[in-house]
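In: What follows is a predicted structure for the sequence shown.
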Amino acid sequence: MFNFFKKNDSHYSIYAKFASLSRNENLYIKFKVPDTIDGRYEMLMVNIILIIRRLKKEKDDNLSQLVLDLMFSDIDQALRESGVGDLSVPKRMKKIGEAFYGRISSLDKILQSKYLNNELINYFKRNTFCDSNAHDIECERLSEYTINMIHFLDSLTLDKIIENSYVFPDSIWMKN
């Protein structure tokens, strides 16, 4: 899936690490995120948004843009491999891009809110569970995961992120 990029490029390793995190079974078993294309895409978007947000704190717009470009290239390739026709891919990518940038805007506002936890719960209910019969507990767990991930990423230096010299602690999956 990532074979057209050199494995030692920092944007590759950052994207690969967060794409892999988006498939962590805790999200689908413990937090009950729907294990569907939409559910997986939602988790990919949230995790990529969090690392992009962290990179932007370091004023590293180039690296964050490379990670974004890689994500969109990967999604484009996945659509093609899944049989989406060449003429349909650009239309699908446009919708995916709009959804992604809409979520960045929403999450940026939420992450600056004094009602962070409640707003994150509503965000996940609306986007991840599509206002289905999701129990508040799953949305609350995703909110806690997001807050824990932000704290963890904020604790890392840019060098650690670039060198990929960290592991995600178990604490990101637990209540604060």
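Out: Noted; the coordinates are in hand. Numbering: from 1, shown residues only.
In: mind listing what's buried in the helix or strand harbouring Asp159?
Out: Here Asp159, judged by DSSP states H and E, is contained in helix 158-163. Of the residues in helix 158-163, those buried under the neighbour-count criterion (16 or more other CB atoms under 10 Å) are 161-162. Every C-beta, even on glycine, is put in place using the N, C-alpha and C of the backbone.
In: just stretch 48-64 next, same as before
Out: For stretch 48-64, a neighbour-count test (16+ other CB under 10 Å) marks 48-55, 60, 63-64 as buried.
In: go on, stretch 167-176?
Out: 168, 172-173.
In: will you turn the residues you listed into JSON lines that also has secondary structure?
Out: Converted to JSON lines, these look like this (DSSP: H, G, I helix; E, B strand; the rest coil):
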{"residue": "Phe168", "secondary structure": "coil"}
{"residue": "Ile172", "secondary structure": "helix"}
{"residue": "Trp173", "secondary structure": "helix"}
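In: so where's this protein uncertain?
Out: Within the chain, the stretches with pLDDT under 70 are 1-8, 130-134, 175-176.
In: Nearest the geometric middle of it, what residue?
Out: For the chain, the residue nearest the mean C-alpha position is Asn47 (2.2 Å; CA atoms, centre = their mean).
In: so what's it up against?
Out: Counting by CB atoms under 8 Å, 6 or more residues apart in numbering, Asn47 touches 18-19, 21-22, 149.
In: so what does the helix holding Asp159 touch, helix or strand wise?
Out: helix 10-21, helix 37-57 (3 or more CB pairs under 8 Å, 6 or more residues apart in numbering; DSSP states H and E).
In: at 10 Å instead, please
Out: Helices and strands touching helix 158-163, by 3 or more CB pairs under 10 Å, 6 or more residues apart in numbering; DSSP states H and E, are helix 10-21, helix 37-57, helix 61-81.
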